[in-house]
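K.L.:
turn this into a model:
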Amino acid sequence: MCCLIDCLLCPSVLWAALIGGAIYFLKDYMQGGQFKKDTDETGKVFIVTGANTGIGKETVREIAKRGGTVYMACRDMNRCEQARLEIVKETNNRNIFSRVLDLSSLDSVREFVAGFKKEQDKLHVLINNAGVMRCPKALTKDGFEMQLGVNHMGHFLLTNLLLDVLKVLTGPIDFSKISRPLVALSSFLAWHTRAINVDDLNSEKSYSEADADSQSKFANVLFTRELASRSKGTGVTVNSLHPGVVDTELARNWAFLQTNFVNYVTYFLKHIIWPLLKTPKSGAQTSIYASLDRDLDGVTGLYFSDCKPKDVAPAGKDDKTAKFLWKESEKWTGLVSSK
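P.N.:
Okay, the predicted model is just below:
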């Protein structure tokens, strides 16, 4: 007993305990806001893009626990089906479906929407979660710069093609029994300062991984702003969000990480910054909040972070650029506008 007490009183043990406790509380603090309200999503239909891993997978898991019907829209069907089976087993909710959606192909977007509408005549919530980040310069199948194409153009077309089934839910709605129509668009605007380059939207004159990434994120926010304006009176609400700094696979395409040396450095660096990272479950909380919280009925055009409204950079409020982006996106995706 004395030896045990002496050991516990050893300065090195005490320092280790203090440091360990500090790291634990820091990690807990960095998880941010949590959506803790109970909701029943039985009978409500959701689509989550990029749902086979990370934030998307955790979002599906939480909706499944609450009884919702979820379409997991993913490019990699093997991983999507594995994630689906895991969630079904855990939640005992069999209304979870995996469907092919490659946002780098407009044909794939159209095929997904056509297939969905054959199965469902209504959609309660669309969560545009999928994305790529700081990848080497590449083009989508339709010739768009990859980050702009996947993060914005693919979701732009997907959202617009699904608006009719979202609007089916407008009119006299009993909100106690049915989720509001809503489109949640993911964005990482918090740190970005570069806005849309109207003279080089497709990064053809010059390319920077960081600038193209930033541009695609601002496109998310400006799309949200313009869609919110165009959707007034339809019952459709649309908001964007920042999930936080999350420990996911999103950085897998970063060019500067594609060397063995950097991979070793990144491995050790990740363990150092681990206390500062959100888990995927915590990263999904704002998406879940924006999609399910009854207090947000009718709330549209806002930007959220840590389960609460957050201001955006001035460039994210530029209505002129938002209208320019919308018109360009219509032309690029072949979407016929009614306005």
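
K.L.:
could you list the buried residues of the helix ranked longest in the chain?
P.N.:
Using DSSP state H to assign secondary structure, the helix with the most residues in the chain is helix 209-230. By neighbour count on 16 or more other C-beta atoms under 10 Å, the buried set for helix 209-230 is 209, 211-230. Placement of C-beta: from N, CA and C, glycine included.

K.L.:
likewise for stretch 92-99?
P.N.:
93, 95, 96, 97, 98, 99.

K.L.:
residue boundaries of the helices in the stretch 51-200 of the chain?
P.N.:
Along the stretch 51-200 of the chain, counting by DSSP state H, counting those that start in this stretch, helices occupy 54-65, 77-91, 106-119, 146-148, 155-167.

K.L.:
contacts for the first one, please.
P.N.:
Counting by C-beta atoms under 8 Å, 6 or more residues apart in numbering, helix 54-65 makes contact with 41, 46, 48-51, 70, 72, 83, 87-88, 90-91, 93, 95-96, 127, 129-130, 186, 243, 246, 248-250, 280-281, 283-284, 287-288, 291-292, all of which sit outside it.

K.L.:
what do you get for the third one?
P.N.:
The set of residues that contact helix 106-119 without belonging to it, under C-beta under 8 Å, 6+ apart, is 47, 71, 73, 99-103, 123, 141-142, 153-154, 157-158, 161-162, 165, 333-334.

K.L.:
now do the second one
P.N.:
When contacts are defined by C-beta under 8 Å, 6+ apart, helix 77-91 is touched by residues 51-53, 57, 60-61, 64-65, 72, 74, 93-94, 96-98, 100.

K.L.:
where does pLDDT dip in the stretch 201-339 of the chain?
P.N.:
Across the stretch 201-339 of the chain, the ranges flagged by pLDDT under 70 are 244-276, 337-339.

K.L.:
tell me the first helix or strand C-terminal of the longest helix of the chain.
P.N.:
strand 237-242 (DSSP states H and E).

K.L.:
direction included, what does that next one pair up with?
P.N.:
strand 182-186 (parallel), strand 303-305 (parallel) (DSSP bridges).

K.L.:
what count of nearby residues applies to the nearest residue to residue 309 once chain neighbours are set aside?
P.N.:
Spatial nearest neighbour of residue 309, excluding adjacent residues (C-beta to C-beta, 6 or more residues apart in numbering): residue 302 at 5.3 Å. Here the count is done by other C-beta atoms under 10 Å, and residue 302 has 20 residues near it.

K.L.:
go on, residue 65?
P.N.:
14.

K.L.:
against residue 89, how distant is it?
P.N.:
The gap separating residue 65 from residue 89 is 12 Å, by C-beta to C-beta, to the nearest Å.

K.L.:
in the helix or strand where residue 330 lies, what's buried?
P.N.:
Using DSSP H and E, residue 330 sits within helix 319-333. Buried residues in helix 319-333, counted by 16+ other C-beta under 10 Å: 321, 322, 324, 325, 326, 328, 329, 330, 332, 333.
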